[in-house]
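build me a model:
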Amino acid sequence: MTKIEENALQEFVDVVRRLRKECPWDRVQTNRSIRHYTIEEVYELAEAIDQEKWDEVKGELGDILLNVLLHAQIAEDEGKFTLVEMIKAETAKMIERHPHVFGNVAADTPDQVKVNWERIKTEAGRESIFDGIPVAFPALARAYKVQDRAARVGFDWGHADEVWTKVEEEVGELKEAVSGHDAARVEEEFGDLLFSLVNYARHIGVHPESSLRMATGKFVKRFLYIEDELDKRNVSLHDATLDEMNELWEKSKKEL
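Residues are numbered from 1 along each chain as shown. Model prediction:
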C-alpha cells in the first residue's frame, strides 16, 4: 500500500470515528440496527456489477467499506473487538487458508484450492461442512452453496450430462405429482426440480442467483416497453388484450 493509499484509508477511518462520536444518528446505532443497510448495499453492488456501471460499482464499494468500518467502530465502542484486531484476524486467516501461496502446499487449479480450503476449515474444528452457510440466504444461493460444499469433499456428479438426466427425472416426477393433485407432493417435487437445476447450473459454470436476477431484469425491461407502447396508443394496460401485449413483447425482443 502506498503512502497516498494509507493516508486515504486513515482519513476515511477518522471520518467514521468522528461520525460515531458527533452525529446523532450514527451515535445511537448498533451492529444489529445497521445490519439490513449492509445487506442492501451488497445487493446494490451486485446490481451495479451486473449492469457494468463502474462508477456506481465504485460508489457501492465505498458504501460497503463504510458499513464495515462502522460495524467495527461500534464493536470497538462496545468493547467487543477493535478494527485492528479484526484486520489481524482476517490476515491470519487468509495466510492460513492459502498454504499454496504462503506455504509449501501444492494447488495448481481453483478446484484444488477449494479442496484445501475445506480441509483446513474442517481441521480448525468445524463440526459440519455446512457450518457458516446462513439459513437466511436466498434459497437459490443457499442451494448452490450447499452443493458446492458437498462437492469440495467429493460428493458430486461426475459430468453435467448426468445432472441433466436428474433434471429430466425430476420434471417427470413433478408432472406426476401435478396430475395427481397432491399439493404437498407438488411443492416437494418442484423444490427437487429447482435443486437439480441449481446443480446443473453449477456444473456448467452459471450461478443461478445471478442468472435468475438477469432473467427477471430482462422480463421487467421488456414489460416496461409494453407499457410505454400501450401508453403511446392511449391504451390502458388493464384494457389491452393478450394478443396486443404478445405483439409488443415480440417487438421488444427485436428492439431492445
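
where along the chain do the strands fall?
Listed in chain order, the chain contains no strands at all (DSSP state E).

which stretches of it have low pLDDT?
Judged by pLDDT under 70, the chain has no weakly predicted residues.

and the helices in it?
3-22, 24-27, 35-50, 54-77, 83-96, 99-102, 110-123, 139-152, 160-179, 183-203, 208-232, 242-255 (DSSP state H).

quick one: closest of the ones you listed to residue 131.
helix 110-123 (8.1 Å; C-beta to C-beta). Backbone N, C-alpha and C define where each C-beta goes, glycine included.

would JSON lines of the helices of the chain with mean neighbour count and distance to residue 131 be doable?
JSON lines is the format used below for these (neighbours: other C-beta atoms under 10 Å; distance: least, C-beta to C-beta, whole Å):
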{"stretch": "helix 3-22", "mean neighbour count": "12", "distance to residue 131": "31"}
{"stretch": "helix 24-27", "mean neighbour count": "10", "distance to residue 131": "33"}
{"stretch": "helix 35-50", "mean neighbour count": "14", "distance to residue 131": "20"}
{"stretch": "helix 54-77", "mean neighbour count": "16", "distance to residue 131": "22"}
{"stretch": "helix 83-96", "mean neighbour count": "12", "distance to residue 131": "15"}
{"stretch": "helix 99-102", "mean neighbour count": "13", "distance to residue 131": "21"}
{"stretch": "helix 110-123", "mean neighbour count": "15", "distance to residue 131": "8"}
{"stretch": "helix 139-152", "mean neighbour count": "18", "distance to residue 131": "9"}
{"stretch": "helix 160-179", "mean neighbour count": "15", "distance to residue 131": "25"}
{"stretch": "helix 183-203", "mean neighbour count": "18", "distance to residue 131": "20"}
{"stretch": "helix 208-232", "mean neighbour count": "14", "distance to residue 131": "21"}
{"stretch": "helix 242-255", "mean neighbour count": "13", "distance to residue 131": "45"}
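
same list (those) but as CSV, adding distance to residue 130.
Shown next, in CSV, are the helices of the chain (distance: least, C-beta to C-beta, whole Å):
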stretch, distance to residue 130
helix 3-22, 34
helix 24-27, 36
helix 35-50, 21
helix 54-77, 25
helix 83-96, 19
helix 99-102, 23
helix 110-123, 11
helix 139-152, 6
helix 160-179, 20
helix 183-203, 15
helix 208-232, 18
helix 242-255, 41
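
closest one to residue 132 among the ones you listed?
Short answer: helix 110-123, nearest of those by C-beta to C-beta, at 8.1 Å.

can you check what angle separates that closest one from helix 83-96?
Calculated by axes from the mean of the first three to the mean of the last three C-alpha atoms, to 10 degrees, helix 110-123 forms an angle of 120 degrees with helix 83-96.

now helix 110-123, how far from the chain's geometric center?
21 Å (C-alpha atoms, centre = their mean, to the nearest Å).

which helices and strands does it pack with?
helix 99-102, helix 139-152 (3 or more C-beta pairs under 8 Å, 6 or more residues apart in numbering; DSSP states H and E).

out of the helices of the chain, which is closest to residue 129?
helix 139-152 (4.7 Å).

now for residue 1: which residues touch it?
Neighbouring residues of residue 1 by C-beta atoms under 8 Å, 6 or more residues apart in numbering: residue 9.
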